[in-house]
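Trainee: Predicted model and sequence below, questions to follow.
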Amino acid sequence: MLDLRRLQILSALDATGTMTAAAEALFMTTSAVSQQLTLLEKEAGVPLLARSGRRVRLTEAGLVLVRHAQQISAAAEAAETSMKRFRTDVAGVVALSAFPSFASTILPQALRALSASFPELRVTVSDLEPFQSVAELRAGRIDLAVIDDLHPVPTEGMVRIELYEDELVLCLPASSRSLPPGPVRIGTLKNANWVMDVRQSVFEIFVRKMCLAEGFEPKVVANCSNLAVTLAMVEAGVGVAVLSGTQVTRHSFDIETRSMTPTPSRRVLLTYRASSQDSPLVAAVAAELKEKSLHRNAK
């Protein structure tokens, strides 16, 4: 019989692309991953990997086995969910991931409400970018993920629920009076200094594309992973920034926020595996996230 853990390792290799990345995702050493996959090949009786120097790719048989592994994982989770349906209480551990702006605004309120309503429910949280969340969801290491659609990621076999649409807004120093009233066309800021998210993040790439679509390459003077740092930079007049409208409603910095034209926005989505949709734990967390998203501007 094929070892289920080794099937998960093969799936991780397929998802991440390299032995090293698969090892990091599974908290294993690269040599341990290699050894387990060698044993899996012996169990399968056919080559699953094709090696070329230091690189490795899955053979056709390996890809077929990955599809079976995904079906097996889904069936196992469905079996667990079926057993949970016989319980009337919401108790246990649910793993959730969310991108930073959601995790710093709406999520804390939802967690507080869940703790009050379901004392036996424990929600663990990972602060991840959407593509990382979906990879963790597919690997079975988390149960729900809050993602956005700035950079589409494949979610076949998953339930997707739109939580809300988040307008992106322009953030300027409060002392700035150079722009006329009303929505701002981003092209009017082609000579401005820019404060952006970390280099090559999904959000940074999106804002850069917005600027390029208006015919200019933004002059980036700072890349910041922390919202407070970004807003402090804007407040001090170091540069301008584009940020989540939901996120910037909850700050105390002396800045001005302006709508843009055309209006950029993103859809914020909740996703989880279809095989877990009948889980009372998943249902409880999903319902609270939807409720808090609906009233996201409430103080």
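Mentor: Arrived safely.

Trainee: contacts, neighbours, all on C-alpha from now
Mentor: Will do.

Trainee: Am I right that residue 142 is in contact with residue 97?
Mentor: Yes: Residue 142 is within contact range of residue 97, at 7.1 Å (criterion: Cα atoms under 8 Å).

Trainee: who has more neighbours, those two?
Mentor: Between residue 142 and residue 97, residue 97 has the larger neighbour count (other Cα atoms under 10 Å), namely 27 against 21.

Trainee: how about the host helix or strand of that one: buried residues?
Mentor: Residue 97 is part of strand 92-98 when elements are defined by DSSP states H and E. Judged by neighbour count (16 or more other Cα atoms under 10 Å), strand 92-98 contains these buried residues: 94-98.

Trainee: quick one: strands adjacent to it?
Mentor: strand 121-127 (parallel), strand 144-148 (parallel) (DSSP bridges).

Trainee: Turn those strands into a markdown table, columns for mean pLDDT.
Mentor: What follows is those, written out as a markdown table (pLDDT from 0 to 100):
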| stretch | mean pLDDT |
| --- | --- |
| strand 121-127 | 94 |
| strand 144-148 | 95 |
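
Trainee: Tell me which of those strands sits most buried.
Mentor: Most buried of the strands paired with strand 92-98 by mean neighbour count (mean count of other Cα atoms under 10 Å) is strand 144-148; its value is a mean of 28.

Trainee: And the contacts of that strand?
Mentor: 94-99, 102, 129-130, 133-134, 137, 266-273, 282 (Cα atoms under 8 Å, 6 or more residues apart in numbering).

Trainee: part of a strand, is residue 271?
Mentor: Yes: under DSSP: H, G, I helix; E, B strand; the rest coil, residue 271 sits within a strand.

Trainee: Okay, and the beta partners of it?
Mentor: Beta bridges link residue 271 to residue 145, residue 160, judged by DSSP bridges.

Trainee: now stretch 109-118: how far from the chain's centre is it?
Mentor: Taking Cα atoms, centre = their mean, to the nearest Å, the mean C-alpha location of stretch 109-118 is offset from the chain mean by 22 Å.
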